[in-house]
Each structure stands twice: as structure tokens, then as C-alpha cells.
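Q: got a sequence here, can you build the structure:
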Amino acid sequence: MMTWVDDEDAGGDDEDDDELGAQLLESASSITTIVDDEDTAGDDEDDDELGAQLLESASRRHHGDSAAAAGGSQPGGKQVRMSAPGGDDKPGKPSAGKRAVSRMEAGSSGKKGGRLKFWSLVHRMTGTWGQEARRSFKVSGRRLLPSHGMEVKSMAMFVTFQLLLVLIYALCFYTLNGLQSPISQLNSAQHIVYRASRTRFFAINLVMSTTAADKAKWRSNLARSCSKLHEEYEVMLYGGMLEWLSTSTRSEFLKFSPPVVFEKVATSHLFFGTRDCLRDDPSSCFPPGHEFYEVTHSGINPMMQRYLQECRLLQMDNDTDVHPNSSRYKYIYYVGGKDLYEATQALAYGITRDTIAAYDEMKTLNVALLVLTIVLPVGYLLFVFRPMLALVRQHTGKVAGLLSQLPPEVDVESKLKAALDHNRRSTSQQQQQQQDADDDLGD
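A: Residues are numbered from 1 along each chain as shown. Modelled structure (predicted):
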């Protein structure tokens, strides 16, 4: 869009109009046409190119362009010669072998002409944001200044949408990348729940066995399960990856598990700092003074450490000392089956809750992106595109009204078309005469 600004010398309107008309007539008189006798199919293209060159020449002369004011012809250009009706065309003298070339008789030559062509191409590619956009036009005592307000308004919504799109996808990528840690921690916590239950199962079978062979079998299973439980608990607590799972075909077991105790303060407090009972039903907890009261009210880590110790000691006891009334078996059965099991389940549930919350955040971001994808284009059509179309229609009507008030003396386009029509008729007559002459010679 352009903005009209009144010039200082508002009294020179008539002089500017006369100067502009003189420049248009001078531009029209500086253009000539050479018409090829063999090629008449490109007349419409020549007309369009001549009109564009005429306007370009008038613009250069109006701005005082030195390249347009210099004399001579520009090499590599296109020259057009126009002969007015009743001129000195010589019918009967054919111009065979010439192709129609159109060129402006202005500008400089050599390296200077090449530089002008290069910068003209740059200005054409950059559009209104180049040097031409910063140049003002003085017409009828007023100065036409460029304004980029409409360009900014039309592009602001698209730029905003692209920025929001990049931001939302960056947040989603960051959130997904951060979910690797809680998923690995959840995997480790679930392994702890499984391994502790399996160790308790082996301890029960060891105690309930009646033969030495059965006790030996369950004792070896208990020792192996207790060793794996200790290894997996250390990995969950301080981070790492289980070596014995490296041969698994499931890739989720091969992820490095970050330390649970360093992720959140609440998790660290659950392991080391809490003094509460960790059962789901607080009324079933051990009362004060019970032999297991202190260990069950000191967090997960003291319970797990004693659980591992009791398992190792139980599998090393003699067969006569392995019985249901053993203190080691009581701890494994009661504490391992209720307090420790429900505490590790609560840990796994907390990690699962955090992971689901992160996925919910991503879902919210994607829903917001969907809403923006619908709202922004509709808003652009209603509040930017439609007002811009109305403004263009308004300006088009004004320009059409101005053009309709121009006098016939400055109607360069009609004069140019009349000259080209005259040249076409002259060329057709010359070709017809040449053909008749050739036929007479043939007869």
C-alpha cells in the first residue's frame, strides 16, 4: 500500500502534469519498431513488451535516471521502430531475413549496463522491500511514499502461527525426551516388585519343604533371586543398567535407568526420610512396641536392606533352623508381603502418575495446536483478507476513475496500438506484393 503525502511546492501541479506528459510523449517518440517479414505470430507479445518498455522509459525519465537519459543504444538490448501512418515506409522493398527485435534506445553500455541489469533483477526479486520501495514519487505536487503496514498485517498471522508451531513441537520434543527417565525408572520399580515377590515365594517354599533335596533346591533358587534383587535395587536406587538383561530382545530393558532418589525430593523422602506407615490401610500397621514397628516406619530403604539381609541369612541357615516360627521367615512373610510390597507399589504408582501427567501435557499442547490451526486461518480470512480485498476494490475504482478522465492526447497505449496495426498492414501488403512478384517470375 502507498500513502499520499503533500509536497511543499503544491503550487506547481500544472508544471508537474506538463512535465509528466512531456516525459511520456518523449518516451513514446524514442521507441521504434522493426517488424520481421517472416514472423507475425508474436505480435501480441511484442505489444505487451512495448507497453512495458514504454512505462519503464517514462519512469526512468521521470526520476532523472542517468542511464535512461544517456544517448546511444545498449548492446544486447531489443530495439523497436515505429513508423506513424503516412510516414516514409517504402512498400515493395522487403526486409527478408530479419527477426522482430524490440529495444529501448536509452541506457549505458558495457559493465555499467550489466550492473544495471543485475540490480534491476535484485529489485525485482526483493519486491517492495528493496531500494525501489524506499524511493518516493512526486506526482502533481504530491509525494507518494511507500508504506509496509499492509504487508506486515498480512504476514503477522502466518509468522505467529509458524512460531507457535515451532514452539509447541519443541516443547513436545523436550517433554518426550524427558519421559525416557521416568519410563526407565518405572521399569526398574516394577522389576523390584516382581523380584521381591519371587524371593518371598522361594523363602516360603524353602520353609515349607520337608525333604533335604527340596530344601536344597529352593535354597539355591532363593540365593539366586536374592542376588538379583540386590542388583536391581541398587540400579533403581543409584542408576545404571542391568548386565544380565543385555541379552533380552525387548529394547525397553536395555535403557539406562537414572537414579530414583535424585529425581524428586518426595521420592527421596519416601526412601529415607518418612516416619509413616507405608501400607495402604494405616489401621493394619504394626503398633508401637512391635518388633517390626521401627523398621516399617523408617522408609523403603531400611525395609529393603533388612529384607535382603534376612533372605541371605535364611538361605545360609541349617535345615533345622528353617521353620515357620523363625524371625527371618516372619519378617520376609509379614513385612515383605505387606509393608515392603505396598510401598514399592506406591513408588511405581507415583512414577506412573508422573509419566501420565507428562503425556497429558503433550495432549493439551496438541489440542491447542489444533485449535490454533482452525482459528488463525479463519481469523485471517475475516479480519485481514476481506478488509484487504475491500481496500483493493476501493483503490481500483479510484484508479479507474482517474484513468477515465485522462485526455486523448496522453493516451499513449491507443497511439501505440494504432502504430502497430499500421505496421502489420504494411507488412502484409509487402508480403503479398512479394508473393505476386514471385508468381509472375515463375510464370
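Q: which residues touch His269?
A: His269 sits next to Gly299 when contact means C-beta atoms under 8 Å, 6 or more residues apart in numbering. From N, CA and C alone the C-beta is placed, and that goes for glycine too.
Q: how about the helices of this protein, start to end?
A: 13-29, 43-62, 66-69, 111-126, 149-178, 180-208, 212-238, 265-268, 293-296, 300-316, 327-330, 340-380, 386-404, 412-442 (DSSP state H).
Q: and these, which one is worst for confidence?
A: The weakest mean pLDDT among the helices of the chain belongs to helix 66-69, with a mean of 40.
Q: how near is Leu165 to Phe158?
A: Distance of Leu165 to Phe158, given as C-beta to C-beta, to the nearest Å: 10 Å.
Q: what residues are up against the closest residue to Leu314 other than its chain neighbours?
A: Take Leu314 and drop its neighbours on the chain: the residue closest to it by C-beta to C-beta, 6 or more residues apart in numbering is Arg328, 4.6 Å away. Residues counted as contacts of Arg328 (C-beta under 8 Å, 6+ apart) are 310, 313-314, 317.
Q: same question for Tyr238.
A: 259, 261 are the contacts of Tyr238 under C-beta under 8 Å, 6+ apart.
Q: Val275 reaches His297, doesn't it?
A: For the record, residue 275 is Arg, not Val. Yes - under the criterion of C-beta atoms under 8 Å, Arg275 makes contact with His297 at 5.5 Å.
Q: need the residues touching each of those two.
A: Common neighbours of Arg275 and His297 (criterion: C-beta under 8 Å, 6+ apart): none identified.
Q: who's more crowded, the two?
A: Set Arg275 next to His297 and count neighbours by other C-beta atoms under 10 Å: His297 wins out with 18 against 8.
Q: what sits against that one?
A: His297 is in contact with 274-277, 285, counting by C-beta under 8 Å, 6+ apart.
Q: just the buried residues out of these, in ChimeraX syntax.
A: Selecting only the buried entries of the contacts of His297 in ChimeraX, with 16 or more other C-beta atoms under 10 Å as the criterion:
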select :274,277,285
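Q: tell me the pLDDT of Phe137.
A: pLDDT at Phe137 comes out at 67.
Q: measure Gln180 to Asn187 for me?
A: Separation of Gln180 from Asn187 (C-beta to C-beta): 11 Å.
Q: more neighbours, those two?
A: More neighbours surround Asn187 than the other of Gln180 and Asn187, with 20 against 13 (other C-beta under 10 Å).
Q: now that one: how far from Thr352?
A: Distance from Asn187 to Thr352, by C-beta to C-beta: 11 Å.
Q: same question, Ala212
A: Taken as C-beta to C-beta, the span from Ala212 to Thr352 is 44 Å.
Q: so the two - more neighbours on which side?
A: Thr352 (16 against 9).
Q: what does stretch 396-408 rub up against?
A: Contact with stretch 396-408 is made by Ser414, as judged by C-beta under 8 Å, 6+ apart.
Q: in that stretch, what counts as buried?
A: Under the neighbour-count criterion of 16+ other C-beta under 10 Å, stretch 396-408 has nothing buried.
Q: stretch 258-268 too?
A: For stretch 258-268, burial by neighbour count (16+ other C-beta under 10 Å) applies to 258-261, 263, 267-268.
Q: per-residue pLDDT, Asp39?
A: 45.
Q: close enough to count as contact, Phe256 and Ser184?
A: Yes - under the criterion of C-beta under 8 Å, Phe256 makes contact with Ser184 at 6.6 Å.
Q: between these two, which one's more packed in?
A: A count of neighbours by other C-beta under 10 Å puts Ser184 above the other of Phe256 and Ser184, at 23 against 11.
Q: contacting residues for the spatially closest residue to Val322 that is not a sequence neighbour?
A: In space, and not counting its chain neighbours, Val322 is closest to Val207: 5.6 Å by C-beta to C-beta, 6+ apart. Shown in contact with Val207 (C-beta under 8 Å, 6+ apart): 322-324, 326, 329.
Q: rerun that using 6 Å as the cut-off
A: Contacts for Val207 (C-beta atoms under 6 Å, 6 or more residues apart in numbering) come out as 322, 324, 329.
Q: cool, Ala358 as well?
A: 175, 179.
Q: please apply the same query to Ile168.
A: Counted by C-beta under 6 Å, 6+ apart, Ile168 has contacts 365, 369.
Q: please apply the same query to the one 4 residues further on.
A: If you count contacts by C-beta under 6 Å, 6+ apart, Cys172 has them with 362, 365.
Q: re the thing from before, the contacts of Arg328, buried ones only, as a ChimeraX selection?
A: Selection of buried members from the contacts of Arg328 for ChimeraX, criterion 16+ other C-beta under 10 Å:
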select :310,314
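Q: no further questions, thank you.
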